[in-house]
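Chemist: Sequence and predicted structure below; questions after.
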Amino acid sequence: MAAKEASFDVTSEMNMEEVKNSIQIALKEIKNRFDFKGSIADIKLENNKLVVIAEDDYKVEQVKDVLFSKLVKRAVPIKNIHFSSSEKALGGSARQYGDLISGIDKDNAKKINVAIKNSGLKVKSQIQEDQIRVTGKSRDDLQKVITLLRNLDLPVELQFTNFR
């Protein structure tokens, strides 16, 4: 890479420590909330999956709302949590699993690469495992790529790191 080329990486990461902290704070709030008194409500982390359990689907959604508010405050991308449909758990309660997505999968990486190529900007992008490196001579072009990618409708949230 020539010295005058600038670059950045496009990633999509979940900070698991912040996820754990958010779960603890959300559980504390749920325990103290009047509308949850005497009802089943739990959030767990099992094998890097969120598990939300509550009395019924309505309560599951309420628990998720509390959790999402805590995740947002800690800058955890909630767009990277993909919940399955609700299922019945023990005792007639409802359960939902949420996949925590880290990294950019091949399909989304291709979409990002195509969008960058179609933009007509003088930059190069290459997929490196679960992230994408974008290089170019002009920092302005790199800024335009970031703006372009922020406006893409992807199922994961993107972060832009190692801007050099």
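Modeler: Looks like it came in fine.

Chemist: C-alpha from now on. contacts and neighbour counts both.
Modeler: Will do.

Chemist: Phi and psi next, for residue 124.
Modeler: Backbone geometry at residue 124, expressed as degrees, to the nearest 10, gives phi -120, psi 140.

Chemist: who are the neighbours in contact with it?
Modeler: 117, 134, 135, 136 (CA atoms under 8 Å, 6 or more residues apart in numbering).

Chemist: is it possible to export those to JSON lines including pLDDT?
Modeler: Listed next are the contacts of residue 124 as JSON lines, based on pLDDT from 0 to 100:
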{"residue": "117", "pLDDT": "95"}
{"residue": "134", "pLDDT": "97"}
{"residue": "135", "pLDDT": "96"}
{"residue": "136", "pLDDT": "96"}
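
Chemist: Among those residues, name the ones in helices.
Modeler: residue 117 (DSSP state H).

Chemist: nearest to residue 56, of the contacts of residue 124?
Modeler: Residue 56 has its nearest neighbour among these in residue 134, at 45.8 Å by CA to CA.

Chemist: Now residue 51: phi and psi?
Modeler: Main-chain dihedrals, residue 51, degrees, to the nearest 10: phi -130, psi 120.

Chemist: quick one on the thing from earlier: go through the contacts of residue 124 and name the one nearest residue 40.
Modeler: For these, the nearest to residue 40 is residue 134 (47.4 Å; CA to CA).

Chemist: ok, back up a step: for ChimeraX, what selects the buried ones among the contacts of residue 124?
Modeler: Here is the ChimeraX selection string for the buried members of those, based on 16 or more other CA atoms under 10 Å:
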select :134,135,136
